[in-house]
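K.L.:
Got a sequence here, can you model it:
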Amino acid sequence: SDVAKFFLGIAGFMILPTIVWIAMIRFRWHEWLHDLANLDESLWLLAMIFVGTVLLAGTTALAFSSSLPGIWHLQALFMPVVVAVCATRFPVDRVDTTNLAAIVLSLLLIFLVGSPFHALYRNWHPFKEGRNYYQEAATVVTQRWRAAFGVPLSRVGGDDGLIYATAFYSADHPRYNRPLETP
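P.N.:
The predicted model follows:
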């Protein structure tokens, strides 16, 4: 179900930070679990806010039978990391911390240098939905509307992807109408 995918998505986002943290604390995980069991109130509150928002989002998605991708909860995924790190009462090896910072910086630079190549690839191999051409399509629709009717494009309706893009990219910024009044 979509709710299961939501929870699995959140778990998927947390796998890498969990593995990195376990590698950094190495054989002291028993000590860390003890520290985690004795959280102070502020960290406990942060942990409960995280758990509450995850459960509330999942429950809401279940109640309304809606799909809720785990990425929608991405902004809250810093909370368990903060709790995990701040709960630690023993020193983490400086070499591990430095290595983690170096790895993150290296990945950042690789992605930064690689992003123009990815953009070129996407221009040569467009998405099957045609998303690469949404901005051009929105411009043409707006121009043709103005030429035909002489007024700004105020409302659009139809295919969700194209219409959302038209509402965003069009210089007239029309409102999205759903469903079409006159299909």
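K.L.:
Against residue 48, how distant is residue 41?
P.N.:
10 Å (Cβ to Cβ, to the nearest Å). Backbone N, C-alpha and C define where each C-beta goes, glycine included.
K.L.:
Compare these two (neighbour count), which wins?
P.N.:
A count of neighbours by other Cβ atoms under 10 Å puts residue 48 above the other of residue 41 and residue 48, at 12 against 7.
K.L.:
Am I right that the more buried one is in a strand?
P.N.:
No. Residue 48: not assigned to a strand; according to DSSP: H, G, I helix; E, B strand; the rest coil it is helix.
K.L.:
For the spatially most central residue of the chain, which non-adjacent residue is closest in space?
P.N.:
The structure's the chain has its C-alpha centroid closest to residue 71; by Cα atoms, centre = their mean the separation is 3.7 Å. Spatial nearest neighbour of residue 71, chain neighbours left out: residue 9 (6.7 Å); criterion: Cβ to Cβ, 6 or more residues apart in numbering.
K.L.:
what number of residues lie near the closest residue to residue 65 other than its chain neighbours?
P.N.:
Leaving aside its sequence neighbours, residue 65 sits nearest to residue 2 (Cβ to Cβ, 6+ apart; 8.0 Å). Other residues lying near residue 2 total 13 when counted by other Cβ under 10 Å.
K.L.:
My read is that residue 2 contacts residue 66, right?
P.N.:
Yes. If you go by Cβ atoms under 8 Å, residue 2 and residue 66 touch, sitting 7.1 Å apart.
K.L.:
what's downstream of the helix ranked longest in the chain, the next helix or strand?
P.N.:
Ranked by number of residues, the top helix in the chain under DSSP state H is helix 94-124. The element immediately downstream of helix 94-124 (helix or strand, assigned by DSSP states H and E) is helix 134-149.
K.L.:
Can you give me the buried ones in that following helix?
P.N.:
Neighbour-count burial for helix 134-149, with 16 or more other Cβ atoms under 10 Å as criterion, is recorded at 134, 138, 141, 142, 145.
K.L.:
any chance of the residues you listed in TSV, with pLDDT too?
P.N.:
Shown next, in TSV, are these (pLDDT from 0 to 100):
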residue	pLDDT
134	87
138	91
141	92
142	94
145	94
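K.L.:
ok, those residues vs residue 84, which is closest?
P.N.:
Of all the buried residues of helix 134-149, residue 84 sits closest to residue 134, with 40.4 Å by Cβ to Cβ.
K.L.:
my read: that closest one touches residue 162, true?
P.N.:
Yes. With contact defined as Cβ under 8 Å, residue 134 reaches residue 162; the gap is 6.4 Å.
K.L.:
what are the phi and psi angles of residue 129?
P.N.:
phi -80, psi -10 (degrees, to the nearest 10).
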